[in-house]
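A.B. asks: next come a sequence and a model predicted from it.
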Amino acid sequence: MVAPGYAGFGPAALGSPAEAVRQAWGRPLDGDAPAAAPGEPEGCYYLVPQGARAPGTPPPLAFMVEAGRFVRVDVHDPALAAPGGGRVGMTGAEVERLHAGRIERQPHKYVEGAQALRVRDPDSGHVLLFETDAAGRVTTWRSGVTPQVDYVEGCS
């Protein structure tokens, strides 16, 4: 499987139409745009690999689409490495060593003691964001464009 990067996922670049993600994935993805009022842009939704989610758990990989454009990739699968290194299950300190001098730390919006570790790609301006739990372990990472990469609640 191609790992997501700062620019997107395989040939599906951030900012491209949702159909580009479907083509890049090459297998069926669940998720459809919510109904929009006439003249209004499509809302926010996720494309998720079919059959990939165990009940009650987040999907291992999800592609956020907003206003018909691919804007973010969410990763919960420890097998997928982030651009420049870092995985679910690593410590925040390990991630900081991999991205030395480029990490911006922020407290997590909802979890006391947890953090958001942000890395901005100097070339594209896109952001890689690792979320840790209160114990300092990475629980998820995502890459995408601002402001969508910073939406803690996803499409909610």
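C.D. replies: Great, that's in hand.
A.B. asks: wait, what's in contact with residue 106?
C.D. replies: By Cβ atoms under 8 Å, 6 or more residues apart in numbering, the contact list for residue 106 reads 115, 116, 117, 118. The C-beta positions use only the backbone N, C-alpha and C, and glycine is treated the same way.
A.B. asks: the last one: which element?
C.D. replies: With secondary structure defined by DSSP states H and E, residue 118 is part of strand 115-120.
A.B. asks: now the element after that strand, going C-ward?
C.D. replies: Counting by DSSP H and E, what follows strand 115-120 is strand 127-132.
A.B. asks: mind listing the strands for this structure?
C.D. replies: Counting by DSSP state E, the chain has strands at residues 8-9, 12-13, 29-30, 44-49, 61-66, 69-75, 103-107, 115-120, 127-132, 138-144.
A.B. asks: quick one: contacts of the second one?
C.D. replies: Residues from elsewhere that reach strand 12-13, judged by Cβ under 8 Å, 6+ apart: 7, 20, 21, 23, 24, 63, 70.
A.B. asks: partner strands of it, with direction?
C.D. replies: strand 8-9 (antiparallel) (DSSP bridges).
A.B. asks: now the partner strand, how far from the chain's geometric center?
C.D. replies: The chain centre lies 10 Å from the centre of strand 8-9; the measure is Cα atoms, centre = their mean, to the nearest Å.
A.B. asks: check stretch 42-61 too.
C.D. replies: From the chain centre to the centre of stretch 42-61 is a distance of 12 Å (Cα atoms, centre = their mean).
A.B. asks: how about the contacts made by the residue lying closest to residue 142 once chain neighbours are set aside?
C.D. replies: Among residues not flanking residue 142 along the chain, residue 74 sits closest, at 4.6 Å (Cβ to Cβ, 6 or more residues apart in numbering). Counting by Cβ under 8 Å, 6+ apart, residue 74 makes contact with 46, 58, 59, 61, 62, 63, 64, 140, 142, 154.
A.B. asks: relative to residue 77, how far out is residue 26?
C.D. replies: As for residue 26, its distance to residue 77 is 17 Å (criterion: Cβ to Cβ, to the nearest Å).
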